[in-house]
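Enquirer: With the input below, show me the fold.
(2 chains)
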Amino acid sequence: MSASAPSPLPVPPGVPALAVEDVGRSFGGVVAVDGVGFTLRAGEILGVIGPNGAGKSTLFGLVAGSLAPDRGTIRIEGVAVEREGAHKRVGRGLARTFQIPKPFPEMSVLDNVVTAATGQSGERVLASLLAPGRVRREEEAAREKAYALVRFLALDHLADRPAKVLSGGQRKLLELARALMAEPRVLLLDEPAAGVNPALLDFIIERIAEINARGIAVLLIEHNMDMIRRLCPSVLVMASGRPLASGTPDAVMSDPRVVEAYLGGSVH
Amino acid sequence: MIEILGYAAFFLTIALSYAVIALGLNVQWGQTGLFNVGVAGFVGIGAYASAILTAPDAADRIGGFALPIPLGWVAAFAAAALASLALGWLTIRLRADYLAIATFGFAVTVQLAALNLEPLTGGPFGLGFIPRPFNGFAGDPLVFGLLNLALVALVLAFVWWVLERLVRSPWGRVLKAVREDEEAARALGKPVTRFRLQAFAIGGGIMGLGGALQAHFIGFIAPENYLPTLTFQVWTMLVVGGAGNNLGAVVGSVVVWGLWSGSSFLIGAAVDPADQARAAALQIVLIGVALCLILVLRPKGLLAEVLTHHRRPAGAQAQDRPATR
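Expert: Residues are numbered from 1 along each chain as shown, chains lettered A, B, ... in the order given. Sure, this is the predicted structure:
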């Protein structure tokens, strides 16, 4: 693996990196997620699949902190975070990407990644004014690290270009670089293969495998079954907001209930 | 010649005091995307705070502590920043259009308070005898004007230095990230509300400082100085100069104040005195036209924002030029 790939901090033995238990969320009268749970340990990768409307994106939002659950618990390394906002969960070791990438379009690719640095004293007003030496040293270190990540994800030739010039696939890579900049121990990937050409898809799969091999737990929501088969030893299938099946990709895809759900049948 | 120099000093002093106010708006709108249309309210708070603290004692008024002018300026910044913080705490989560309504309402409230709190603010009669820097030189208008110009330029330079440092810091970078995509910034672990609140308070404080500079230069303030027209002027200055660019805010202030003063001069020369009050409305039309022209011809303003400050690390291949907004 490239030297620029991230190394996670050690996780206490026995404590799952991410534990989701019986979470539920409704919007008005519509139940989007109902009674979903799973456990993800350091170095594991779990795929979440399901037809459109299955509740995958809502589940993702609940875990990432952009949505609050109506019920259930979410623990990151044993700490309950279900009442914490998204930015606090990043501080606990969780990072995410977006299904539709959200780069800061007018900022350079490198600045996009540097922005994700955590623990920068220069993000405080007084430190920026009164401790320029420390801020500069931290900034240099963050910039080196960001550039290594940009290189790791083959965006180095675009490092100084504004993010708005990136193609759809390159934006997916930028999302990944930004997420890694925060040194996550749990990485949530929301359809990283969506809209990506086959050649780039191979590269993304390879990089996710490398990241995961370093011990970072990965939760992968994806429609692309090729990616799921190549990356995920186990898969959770959702339908109508509920867990429908779990197991290896081949096992769940041959499950008649899963087939019925994907063919449009109502599964409860 | 001396008269022209004296007027130039007067013109530039006012223009640069507007530049301070426009720099405050630039922190809020240019850097962070906070849509504050209550600029006049924060300028007014700063002006009154400094005036009340530094003016001499008066029998019929609360205040008049005769404190030194620099203390008044510090208090002006603090009062306007605190007011911004309080208003921001209540409204900063609002969508841009609702934030605009809230800040507009705040500015109207401040102006009405200044109009009605007569024992404190002088009410419609305003506050006079506000100490003027270098008042001992008032007998020589040129020297007085140049000294005041130098002082306001010094304050502007200090505000500029601080803001440039902040804009180029990780703090400034997070503000830009918040402006460009709030949800993405939050997903990167940035406490978005805290950053927005800080930018709102710092910008408001700087507006208050600008208000105090103007109050001490003129020596008199009244509620009619803080009508929505002031907000409109400052917005035009920032948009014309280039939102997001501190130099643009300063250039825009000088250009727009030049248009404002020039049109005032022309109206005075060309319009019958009986009709001058009505003709003054043409000034606002002129500024509106200038704003429209800039928006159509140079949407980024005279000076576009420089967005990329963080280049590749040393050793990596350099790139041709920074990206601009």
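
Enquirer: got the residues of the stretch 151-300 of chain B near chain A?
Expert: Proximity of the stretch 151-300 of chain B to chain A, by CB under 8 Å from any CB of the partner chain, involves residues B:162, B:165-166, B:169-174, B:176-177, B:180-181, B:183-192, B:198, B:202. Heads up, the C-betas are built off the backbone N, CA and C, glycines and all.

Enquirer: Now the buried members of the residues you listed.
Expert: Buried by 16 or more other CB atoms under 10 Å in any protein chain shown: B:162, B:166, B:169-174, B:176-177, B:180-181, B:184-192, B:198, B:202, out of these.

Enquirer: Which ones among those residues lie within helices?
Expert: Counting by DSSP state H, these place B:162, B:166, B:170-174, B:176-177, B:180, B:184-187, B:192, B:198, B:202 in helices.

Enquirer: Any residues of the stretch 151-268 of chain A in contact with chain B? List them.
Expert: Applying CB under 8 Å from any CB, we find that the stretch 151-268 of chain A lies next to chain B at A:156, A:159, A:160, A:161, A:162, A:178, A:181, A:182.

Enquirer: Closest one of the residues you listed to residue A:72?
Expert: Here the nearest of these to residue A:72, counting by CB to CB, is residue A:182; it sits at 24.8 Å.

Enquirer: Look up the closest residue to the closest one, ignoring the ones flanking it.
Expert: Of all residues not flanking residue A:182 in the chain, residue A:95 sits nearest, at 4.7 Å (CB to CB, 6 or more residues apart in numbering or on different chains).

Enquirer: Same question for residue A:47.
Expert: residue A:232 (3.4 Å).

Enquirer: burial of the one you found, as a residue count?
Expert: Counted with other CB atoms under 10 Å in any protein chain shown, residues neighbouring residue A:232 total 24.

Enquirer: Which neighbouring elements make contact with the helix or strand containing the residue nearest to residue A:182?
Expert: When elements are assigned from DSSP states H and E, residue A:95 belongs to strand A:94-96. Judged by 3 or more CB pairs under 8 Å, 6 or more residues apart in numbering or on different chains; DSSP states H and E, strand A:94-96 is in contact with helix A:56-64, helix A:168-181, strand A:186-190.

Enquirer: Most tightly packed of those?
Expert: Each of the helices and strands packed on strand A:94-96 was scored by mean neighbour count; the highest is strand A:186-190, a mean of 26, by mean count of other CB atoms under 10 Å in any protein chain shown.

Enquirer: what residue ranges in chain A score low on pLDDT?
Expert: Applying pLDDT under 70 to chain A flags residues A:1-14, A:263-268.

Enquirer: re earlier: for whichever helix or strand comes after the strand holding residue A:95, which outside residues touch it?
Expert: Next along the chain after strand A:94-96, taking DSSP H and E as the criterion, comes helix A:109-115. By CB atoms under 8 Å, 6 or more residues apart in numbering or on different chains, the list of residues contacting helix A:109-115 from outside reads A:103-104, A:107, A:139, A:142-143, A:146-147, A:149-150, A:155, A:158-163, A:166, A:174, A:177-178, A:181, B:170, B:173-174, B:177, B:185, B:188, B:190, B:307-312.

Enquirer: Please state the offset of the helix or strand following helix A:109-115 from the chain centre?
Expert: Remark: after helix A:109-115, the chain's next helix or strand is helix A:125-130, criterion DSSP H and E. Between the centre of helix A:125-130 and the centre of its chain there are 32 Å (CA atoms, centre = their mean, to the nearest Å).
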